[in-house]
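Engineer: Next one to model:
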Amino acid sequence: MANTGFAATPVLDPFDVRYSTQVLDLPSLLSDLIPIPQDDGPRPLAQISYSDAYVDAMGYLRALMAANELSDRTLLVTAHVISMNPAHYTCWGIRLHSLFEVAKQEPSGLAGELGRLRGEIKFLDGVAVKYEKNYQIWHHRQLVMERIGEIVLQLRNKGRSNGTSHEEETVTGVNDVDTVETIVNHEQKFMEQMFGLDAKNYHVWSYRQWLVRRFGLFPRFNNLGSITTINTSTNSTTTETTSISSSIKSLENVLVFLSTQELSSIDSLLAQDVRNNSAWNHRHFLLFGNPVKEQAITSFPIDLESEIDFVKSSILIAPQNASAWTYLLGIYSHLTSSTTTPITSTRGKPHALQDLFPFLATFVDISTQNPEEDVVVSSHALEMLADLWAERARGVGAQNAWEKDHGRKFAAYAWKILGEKYDPIRKNYWEWKRREMERGLEGVTAARGAEGQEKPVEPARAEVVVG
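Structural biologist: Numbering: from 1, shown residues only. Presented below is the predicted three-dimensional model:
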């Protein structure tokens, strides 16, 4: 049984991140406990030289652990240790157990517990800004937010059981809708602050994906395939936060609003740095990663021209940016592999990679006869063209034998110059791709020769043939 009592009532805020030996008097705070020293054995081989303040703090933390005390005092001491060693995962674990135990004892019920957890989020804000690359902070934050989500569900269930009113809202002024909007909006804003420090912080991006899953922040789509939005009004508070008008506020509308903010945030990050691979990855996750299939973008007979145009415009800014090219391929892989209703473009025909020929040709102009005249603005475009030419050699999108042979010749040449000049580190890979294409076409070539077909004249330069 956890011990939640202690001899002296702390006078410090247990969620204050500004701890040092000057503001936390451990002997006075923990006068009823005897510090337990670290036991390194009689002959420690490589004893670590800790500071006196850290040795004292850890001694008292061990004493609290030995007494199984989960209290405000434990929160104070763990915050003190974390201020000196934010990577101490045992300390984080003890803090989490103490936090949940103390929060559950709040006399005001769910509202009090929620207040405690929100205090912890504030504490974590300060620690995360100071220690950007610490993963324990974000794992701890995820567990706290998970409990917040459970409280929101409990509030919602209580409201349903009472008809139109919320039990907690009636007593404390707390309800599930306001809680979701306030808490999740804070998380989004804080992550923007973190990305201002490091826009590619892996721990923050991992947490962001979890947050989207946990609170359902995937974009909503209407029956025309457009992303659903709602009208918003500017909050008059000093924080200048955009929020939903109270006249249309509901949990679903709040989630629509927050999901719209999520995608808008990615737009802003890509506008700042079009090469931010993490932002491209999160954009793909938002639009294609929804586990609820009826909301997934590939489940609609929708038009994706605007999204494809967005990627193309980003590629024009930085033609050698692999992230945008990979995202473009990702879109087409979803479209061409969809098992649902065929997805068509505004031109009334199915989406296919062959449609990219004209766009790719703006980055590549090559000659098999005079390599000195080759113009390759993007090796990624050249790589994609090589694959499309190889597909055409196999008959995909080819109208006649000339187009097939055209594709075969230029695919082989593209892979050759990729290995020799534009991507030599993968030279063996490009050569392997050429051999695989030739091996696959050998049977076709032999059959054609046996039928006495005349080989068509090869073009001198790559030509874009749009079927």
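
Engineer: in a strand, that's where P319 is, yeah?
Structural biologist: No. Under DSSP: H, G, I helix; E, B strand; the rest coil, P319 falls outside any strand and is assigned coil.

Engineer: Excluding chain neighbours, give the residue nearest to it in space.
Structural biologist: S378 (3.8 Å; Cβ to Cβ, 6 or more residues apart in numbering). In short, each C-beta sits where N, CA and C put it, glycine included.

Engineer: Number of residues surrounding the residue nearest to E420 when sequence neighbours are not counted?
Structural biologist: The shortest distance from E420 to any residue other than its chain neighbours is 7.2 Å, reached at K427 (Cβ to Cβ, 6+ apart). By the measure other Cβ atoms under 10 Å, the count of residues near K427 is 15.

Engineer: what helix or strand is K427 on?
Structural biologist: Element membership for K427, per DSSP states H and E: helix 427-450.

Engineer: same deal with S108?
Structural biologist: Going by DSSP H and E, S108 is not in any helix or strand.

Engineer: Offset the numbering so it begins at 437, please.
Structural biologist: From this message on, residue numbering opens at 437, which makes the last subject S544.

Engineer: Neighbours of it, how many?
Structural biologist: The burial count for S544: 13, using other Cβ under 10 Å.

Engineer: Quick check: N726 touching R656?
Structural biologist: No. Contact criterion Cβ atoms under 8 Å: N726 and R656 do not qualify, at 9.6 Å.

Engineer: Look at these two and report which has more neighbours.
Structural biologist: N726 (22 against 17).

Engineer: which residue sits closest to that one, ignoring its sequence neighbours?
Structural biologist: Per Cβ to Cβ, 6+ apart, closest to N726 is F654, 4.1 Å.

Engineer: pretty sure the one you found contacts V692?
Structural biologist: No. F654 lies out of contact with V692 (Cβ under 8 Å); the separation is 10.5 Å.

Engineer: Same question for stretch 844-856: list its buried residues.
Structural biologist: By 16 or more other Cβ atoms under 10 Å, the buried positions in stretch 844-856 come out as 844-855.

Engineer: Give the rounded mean pLDDT of that stretch.
Structural biologist: What stretch 844-856 shows for mean pLDDT is 94.

Engineer: ditto for stretch 562-581
Structural biologist: Rounded mean pLDDT across stretch 562-581 is 94.

Engineer: Equivalent analysis for stretch 525-536, please.
Structural biologist: On average, stretch 525-536 scores 96.

Engineer: cool, and stretch 703-714?
Structural biologist: 96.

Engineer: start to end distance for it?
Structural biologist: 12 Å (Cα to Cα, to the nearest Å).

Engineer: can you list contacts of that stretch?
Structural biologist: 631, 635-636, 638, 641, 715-716, 719, 750, 753-754, 757-760 (Cβ atoms under 8 Å, 6 or more residues apart in numbering).

Engineer: Max pairwise distance over these: which two?
Structural biologist: The distance between the two most remote of the contacts of stretch 703-714 (Cβ to Cβ) is 24.5 Å, for Y638 and I753.

Engineer: List the contacts of L497.
Structural biologist: Neighbouring residues of L497 by Cβ under 8 Å, 6+ apart: 510, 513-514, 517, 527, 530.

Engineer: got it, and V538?
Structural biologist: Contacts of V538 (Cβ under 8 Å, 6+ apart): 440, 506-508, 511, 552.

Engineer: In helices, which of those residues fall?
Structural biologist: 508, 511, 552 (DSSP state H).

Engineer: Let me have those in JSON lines, adding neighbour count as columns.
Structural biologist: Formatted as JSON lines, those follow (neighbours: other Cβ atoms under 10 Å):
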{"residue": "D508", "neighbour count": "21"}
{"residue": "L511", "neighbour count": "24"}
{"residue": "R552", "neighbour count": "21"}
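
Engineer: can you redo those residues as TSV with distance to A829?
Structural biologist: What follows is those, written out as TSV (distance: Cβ to Cβ, whole Å):
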residue	distance to A829
D508	72
L511	67
R552	66
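
Engineer: buried ones in stretch 479-493?
Structural biologist: 489-490, 492-493.

Engineer: Mind listing residues that contact that stretch?
Structural biologist: So stretch 479-493 is contacted by 457, 462, 471, 473-474, 476, 494, 513, 516-517, 520-521 (Cβ under 8 Å, 6+ apart).
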